[in-house]
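> next comes the sequence, and after it the predicted model I'd like to discuss.
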Amino acid sequence: MRFFSIRMSPPQLLVLLFLSLTVIGTILLKLPIATTTPISWINACFTTVSAFTVTGLGVVDTGTTFTLFGQLVILTLIQVGGLGIMSFAVLIFIVLGKKISWKNRILLQQALNQTNVGGIIRLAKALLIYSIGVELLAMVFLSLEWVPEYGWKKGLYASFFHSISAFNNAGFSIWPDSLIRHAASPLVNLVITSVIILGGIGFTVVVDIWTKRRFSRLSLHSKLMIIFTFIFNLVGMLAIYGLERNNINTLGKLNEGEKILAAYFQSVTTRTAGFDTVDIANLTEPTLLVIILFMFIGAGSASTGGGIKLTTFLVIVLGVIKFLKEQDTIVIFRKAIEDKAIVKAIAITLISIMFSFVAILTLSITEKAPLMQIVFEVFSAFGTVGLTIGLTTALTFTGKCIIIFMMFFGKLGPLTLAFTLARKNVVKIKYPSEDILTG
């Protein structure tokens, strides 16, 4: 049975689905039962997009502005956005016993950023089971600390809310200071970061680990994600620790063990999660630049995170090494990477930089804010991270619209948006080649 009959390409259908979800979420959050005090349409729209793109930027405080109904709407949007709207739709049709057409399998393949259609429905099922399982486990661990501290009702709800937000790399919190109040808690720090990593590493990697069981049998993508996720988290931790250990406004006020824990937490969360255990606004500019780079790179493909993706960055680096060493092909773990993967990685990165630059330029005109705040905000939105150094709540109407687009762009993906706008042009005529001077 078909659940889409409109003649559109998969990227165009994805854009339509995202826009539809934006409208539904905005209307729900604008309802009187969703908020403690009325909010504007633009703020309802901003919160909706921030939730389903699993970004976490907020123009209003989640815990005090939204009622239980409003917060549950936000959690639902986060879960749908984290799983992927197409995955969610497919799973509903599976539960209803409906058959999934080939065209919709291709659409799901596009949504999950997979290279082939085979096994895509099985992957969607595994994705749901894995997501719920990790979230429930995280909720149990968090409740061990938060139930004694806040009581059964508030403690369980806080555990429930933050486990979903963390796994989907959303960064939404019911507390105005995010997780700063729990900066010294090893349990909270380790549970939240572990869940962030499990959500950000990519579902295909998790399925690959589950089925192959041995590192040597894993796909090249899985091997790269596992190794370089560890390396990036370690490098980020050392960079933040080294740059902030004497900053009295951030790590400087913590003891040595707490400094390491907080540095590790920020290294993990800056990749796409958006929680913080230190005041981001008080970080030094060198640290902010490191975080901006991490936000731009992002998490793994087919994950809950955003950014250009870790493997995209790695392919570009390997392509540069190939050029410098004058190699014919890139070989890693005895596997060759095709040149079209390098071209795709360059296209993703260049489109991302172009859109980000235009957003920064426009915001520098519309907003009365330091350039660092604007740059940080744009890359936080594109990477669907959700960290801010103070600009979000001060955005003008135009500024909010730009950040909404950047969150949408970051979640949808540069190539998906480009394919939506572009028309396929097949050229059958071959022309003679000629070199041009570069460099």
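Nice, thanks for sending it over.

> which SS class is S364?
Following DSSP: H, G, I helix; E, B strand; the rest coil, the label given to S364 is helix.

> verify the stated contact: it with Q373.
No - in this structure, S364 is not within contact of Q373 by C-beta atoms under 8 Å, at 10.1 Å. Using the backbone N, CA and C atoms, a C-beta is placed for each residue, glycine as well.

> which element, helix or strand, includes the spatially most central residue of the chain?
Taking C-alpha atoms, centre = their mean as the criterion, G305 is the residue nearest the geometric centre of the chain, at 2.3 Å. Using DSSP states H and E, G305 is not contained in any helix or strand.

> and S364 and Q373? which has more neighbours close in?
Taking neighbours as other C-beta atoms under 10 Å, S364 and Q373 compare with Q373 leading, 19 against 15.

> do you know how far G58 is from N189?
As judged by C-beta to C-beta, to the nearest Å, G58 and N189 stand 22 Å apart.

> more crowded one of the two?
Ranked by neighbour count (other C-beta under 10 Å), G58 and N189 place G58 first, with 24 against 21.

> so what's the more buried one up against?
Contacts for G58 (C-beta atoms under 8 Å, 6 or more residues apart in numbering) come out as 47, 50, 172, 386, 392-393.

> can those residues go into JSON lines with extra columns for neighbour count, secondary structure and distance to K253?
Below are these laid out as JSON lines (neighbours: other C-beta atoms under 10 Å; DSSP: H, G, I helix; E, B strand; the rest coil; distance: C-beta to C-beta, whole Å):
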{"residue": "T47", "neighbour count": "29", "secondary structure": "helix", "distance to K253": "32"}
{"residue": "S50", "neighbour count": "31", "secondary structure": "helix", "distance to K253": "30"}
{"residue": "F172", "neighbour count": "29", "secondary structure": "coil", "distance to K253": "26"}
{"residue": "G386", "neighbour count": "31", "secondary structure": "coil", "distance to K253": "24"}
{"residue": "T392", "neighbour count": "23", "secondary structure": "helix", "distance to K253": "25"}
{"residue": "T393", "neighbour count": "11", "secondary structure": "helix", "distance to K253": "25"}
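
> closest to L251 among those residues?
Proximity of the contacts of G58 to L251 (C-beta to C-beta) peaks at G386, which lies at 20.8 Å.

> check the gap between that closest one and V320 for me.
From G386 to V320 the distance is 31 Å (C-beta to C-beta).

> please identify the helix or strand for the residue nearest to T329 when sequence neighbours are not counted.
In space, and not counting its chain neighbours, T329 is closest to A336: 4.7 Å by C-beta to C-beta, 6 or more residues apart in numbering. According to DSSP H and E, A336 maps onto strand 335-337.

> list the strands paired with that strand, with their directions.
Sheet pairing of strand 335-337 (DSSP bridges) gives strand 330-332 (antiparallel).

> residues in contact with the strand it pairs with: which ones?
So strand 330-332 is contacted by 220, 224, 315, 318-319, 321-322, 336-337, 342 (C-beta under 8 Å, 6+ apart).

> CSV for those, including distance to I42?
Below are the contacts of strand 330-332 laid out as CSV (distance: C-beta to C-beta, whole Å):
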residue, distance to I42
L220, 44
L224, 40
V315, 38
L318, 43
G319, 41
I321, 46
K322, 47
A336, 49
I337, 44
I342, 40
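
> mark which of these are buried, thanks.
224, 315, 318-319, 322, 337, 342 (16 or more other C-beta atoms under 10 Å).

> could you export these as TSV, including pLDDT, distance to F408 and secondary structure?
Formatted as TSV, the buried ones among the contacts of strand 330-332 follow (pLDDT from 0 to 100; distance: C-beta to C-beta, whole Å; DSSP: H, G, I helix; E, B strand; the rest coil):
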residue	pLDDT	distance to F408	secondary structure
L224	88	28	helix
V315	90	25	helix
L318	89	30	helix
G319	88	29	helix
K322	85	34	helix
I337	84	30	strand
I342	87	27	helix
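
> which two from these end up farthest apart in space?
Across those (C-beta to C-beta), the longest gap, 15.5 Å, separates L224 and K322.

> my guess is M139 contacts Y157, does it?
No - at 9.9 Å, M139 does not count as touching Y157 under the criterion of C-beta under 8 Å.

> more neighbours: the two, which one.
Taking neighbours as other C-beta under 10 Å, M139 and Y157 compare with M139 leading, 22 against 18.

> and that one, helix, strand or coil?
M139 - assigned by three-state DSSP - is helix.

> run through the residues that contact it.
156, 159-160, 163.

> likewise for V134?
167, 195, 198-199.

> closest one of those to D276?
The nearest one, if we look at these relative to D276 and count by C-beta to C-beta, is V195, at 15.6 Å.

> average pLDDT across the strand or helix carrying that closest one?
Using DSSP H and E, V195 maps to helix 186-200. Taken as a whole, helix 186-200 carries a mean pLDDT of 92.

> number the chain from 50, please
With 50 as the first residue, the last one maps to helix 235-249.

> pLDDT (mean, whole number) over the next helix or strand after that helix?
Using DSSP H and E, the helix or strand that follows helix 235-249 in sequence is helix 252-261. For helix 252-261, mean pLDDT is 79.

> how big is the angle separating helix 252-261 from helix 235-249?
Relative orientation of helix 252-261 and helix 235-249, computed by axes from the mean of the first three to the mean of the last three C-alpha atoms, to 10 degrees: 90 degrees.

> so how far is helix 252-261 from its chain's centroid?
20 Å (C-alpha atoms, centre = their mean, to the nearest Å).

> next: stretch 401-421.
20 Å.

> give me the buried positions along that stretch.
For stretch 401-421, using 16+ other C-beta under 10 Å, the buried residues are 401, 404-405, 408-409, 411-412, 416, 418.

> just those now: which is nearest L176?
Nearest member of the buried residues of stretch 401-421 to L176, counting by C-beta to C-beta, is S401, at 25.1 Å.

> wait, the closest one touches F345, no?
Yes - assessed by C-beta under 8 Å, S401 is found in contact with F345 at 7.4 Å.

> with that, I have no additional questions.
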